[in-house]
Structure formats: C-alpha cells, structure tokens
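A.B. asks: Attaching a predicted model along with its sequence, questions to come.
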Amino acid sequence: MNDSPAARAEIRVLVVDDSAFMRTALARMIASEAGFEVVATASSGAEALERIPSLDPDVVTLDVQMPGLDGLATLRSIMQKFPRPVIMVSAVTEKDAHITFSALSAGAFDYVPKQLSRSSLDIAHIRSDLIAKIRAAAQARHQCAAIGIRKPPQSVGFKAADAPSLVAPTVVAIGVSTGGPKALQDILPRFPRDLPVPILIVQHMPAGFTGPFAQRLDALCALSVREATPHELIQPATVYIAPAGLHMRVDGRLSDGRPMISLDPEPEDSLHIPSVDVCMKSVAAFFGNRACGVILTGMGSDGAEGMKAIYLAGGLTIGQDESTCTVYGMPRVCAELGILARIVPLNEIPTQILQATRRRKPA
C-alpha cells in the first residue's frame, strides 16, 4: 500500500457490524463515493479493536447492537485507546435511540439511523446522510491533526457591560445539528428550574429519536424538557424539542395572542424537517426584539435565515465558537453574515442567556 500523502488523501473507513448483509451494503455504499476507501470490515467489536492500530482508519462506522462487545463498549475502548471519529449506525427503536445518545455522550461523532422492515434492511436511503457525516468526521479529524491542538476558545462581540441597554428576551430559540445531542446535554442542565423564559429547540434528528432524546434531557435537567405537541401554550422554564418530521412554529392566532406551539410538515421541500429557519423566523415575527436566537454546532446553513430574522428584529443572537463545535458549519455561516452579537464557547452560552434574561432592561 502506498502511504504517500497523496495516496492517503482519501477518506479511509472501517465498517463494523455483526450482520454480513450490513457490512457488505455499507461498504459498497461508502466505496462508491469518490475519494472514499473502505480499508476493511469487522464483524465484532473485538475484531475492530484488533484492526484499528494497523489500519489507522480516518473514521469508523459502528453498529449499536452487537453480540459480545457491544457498540457502546467498543466505542469507549476506541476513544480510550485509539481516539478518532466514530459514527454509530443505529436501528430506529426506542432502545437503540437511548444507546445512541449514550454513545454520543461517550464521544461518538454522530449517528446514522437504519430502517428495519419485516423482510429486509432498507438502508439505500441513508447513503447521502452517511457520506456527508463521514466526510465531516474526517475533515474534523484532519483539522485537529493539522493544528496539533484545538485553539483556545475566544469570545467576541459586545461586552457584558453593554447588555443592559437591550430589551430582555422572553424566549430562546436554539438551532443545532451534528454534535447537537452532546452539546445540549452539556448546556441545558446548567439552567436553573426558575428560568424566566421558554426554550425552543430544533435539533436535526430522524423520526423515532426526538421523543427518547427529550426524555433523556428531562432526566438530566432542572427544567422541564419535552417533545413539543400541537397547540400547547409556551411556558417559562420549559424546553420544547421539535418533533422529527414536523416544523415547529410559534403562533398566537388560536390562543388569544399568547405564544402557542404550531406543528406541521409544510414546507415539505425543506432540506431539514424540522427546520431551524422555519422556527426562528416565526419566533422573530412573534417576539421581535424580545427574541434570543442561538446557533450551535452543525453541518450546512440551516438557521442562517432564522438568525438573520431575529437579528434584524433587534433580538439577541449568540453563536457557538469554532473551537468547541463538532462541526463549525451552521455557526460559521451566521458569523460570516455578521449577524451574531456574541460568539462564545459552548460552556459560556447558558451564562450569556441568563445574564440577558436577568440583567437587561425590560421592554
């Protein structure tokens, strides 16, 4: 094998799954993409751990449910002994969803759901998602290797002393994608149970995952966290997770002008359903300068239009900084548009929100 830099420019992937069908299907899917190479497959966690040191794959795809050393235990060993991006391949069941979130907490880069049917594993539709996440994972690894260590986080934007001149937000809207489950698990438990505002969250997530994810967050937080339901009034100290497959908006037409959750699949041609842009635009329209928009780690540009709407309405806009993002995509677009009042490390975001809601002048 040629180990020259040019030869190793490909994204090298190890596929780990106990199912021979899945190993073959995933390997063919990955190898068919230009610039991707499947260096090997492994049928168990133990075999994967044996092969990683010599193969040195850029990315590992790892089944969640495997006999013997399961996906979670294998992941923990990889992160301890041979740290690198790992993408979990998970069935869409409540049990698998909970295991997947544990894997994300343990250091997995991301996950891709596989659909189960009575007669076969329908996985062809996951190709674009899988390829995009493998590419993002490899890029993240190469960027970290290029700089040796991550740059220290730096806060930019207006100073805390300037904040009292602004209107106090009465709602927080958060948009997030790749790296989001871990990021949200890090920041939401930092909020007190008497938070004076509600939090609306759009996390790009497939059907079957948002409910278990809301349950997991609720168990970790002092705030009440739940998957949003139609026509419920938005309450302070409550976190609403947009259900997969439905856009979440704020609407006051059926509730005497009070902010209410509205859920529907339109527009169906959105790249993401739910969409951060759809949610944040409705927040900007309803709350105006009393809105706070937060954009976190994720691929792509969803949220840029919504954050711009909040910014133009006079609301507070906060972006996660590059050094703490799993993927600096969504926040980067907002930063380049010049619509972020604050760019801060992930762990500073709760403080920024709390300072804004408690120290800024009321409308």
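C.D. replies: All right, it came through fine.

A.B. asks: tell me the domain ranges of this protein?
C.D. replies: For the chain, whose domains are defined here by automatic domain parsing, the residue ranges read 7-147, 156-359.

A.B. asks: out of those domains, deepest packed?
C.D. replies: Each of those was scored by mean neighbour count; the highest is domain 156-359, a mean of 20, by mean count of other Cβ atoms under 10 Å. Every residue, glycine included, has its C-beta placed from N, CA and C.

A.B. asks: Residue 243: which element?
C.D. replies: Assigned by DSSP states H and E, residue 243 belongs to no helix or strand.

A.B. asks: these two touch, right, it and residue 226?
C.D. replies: No - using Cβ atoms under 8 Å, residue 243 and residue 226 do not qualify as a contacting pair, with a distance of 10.4 Å.

A.B. asks: would TSV of the domains of the chain with mean pLDDT be doable?
C.D. replies: Listed next are the domains of the chain as TSV, based on pLDDT from 0 to 100:
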stretch	mean pLDDT
domain 7-147	87
domain 156-359	92
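
A.B. asks: in which helix or strand would I find residue 23?
C.D. replies: Assigned by DSSP H and E, residue 23 belongs to helix 20-31.

A.B. asks: Kindly format the C-alpha coordinates of stretch 86-106 as CSV.
C.D. replies: Output in CSV follows, covering the C-alpha atoms of stretch 86-106 (Å, rounded to 0.1, in the frame of the first residue of the first chain):
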residue,chain,number,x,y,z
VAL,A,86,-16.9,7.1,15.2
ILE,A,87,-20.3,7.2,13.6
MET,A,88,-22.9,5.0,15.2
VAL,A,89,-25.2,3.1,12.8
SER,A,90,-28.4,2.6,14.8
ALA,A,91,-31.8,1.0,14.3
VAL,A,92,-34.7,3.3,14.8
THR,A,93,-36.1,1.8,18.0
GLU,A,94,-36.5,3.4,21.4
LYS,A,95,-33.9,1.1,22.9
ASP,A,96,-31.4,1.9,20.1
ALA,A,97,-32.1,5.6,20.4
HIS,A,98,-31.2,5.6,24.1
ILE,A,99,-28.0,3.6,23.5
THR,A,100,-27.1,6.0,20.6
PHE,A,101,-27.4,9.0,22.9
SER,A,102,-25.2,7.3,25.5
ALA,A,103,-22.7,6.7,22.7
LEU,A,104,-22.8,10.4,21.7
SER,A,105,-22.1,11.3,25.3
ALA,A,106,-19.1,8.9,25.3
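
A.B. asks: Was I right to think residue 192 contacts residue 221?
C.D. replies: No - proximity of residue 192 to residue 221 does not meet the contact threshold set by Cβ under 8 Å, at 10.0 Å.

A.B. asks: what's the span of stretch 168-183 from first residue to last?
C.D. replies: For stretch 168-183, the first and last residues are 25 Å from each other (Cα to Cα, to the nearest Å).
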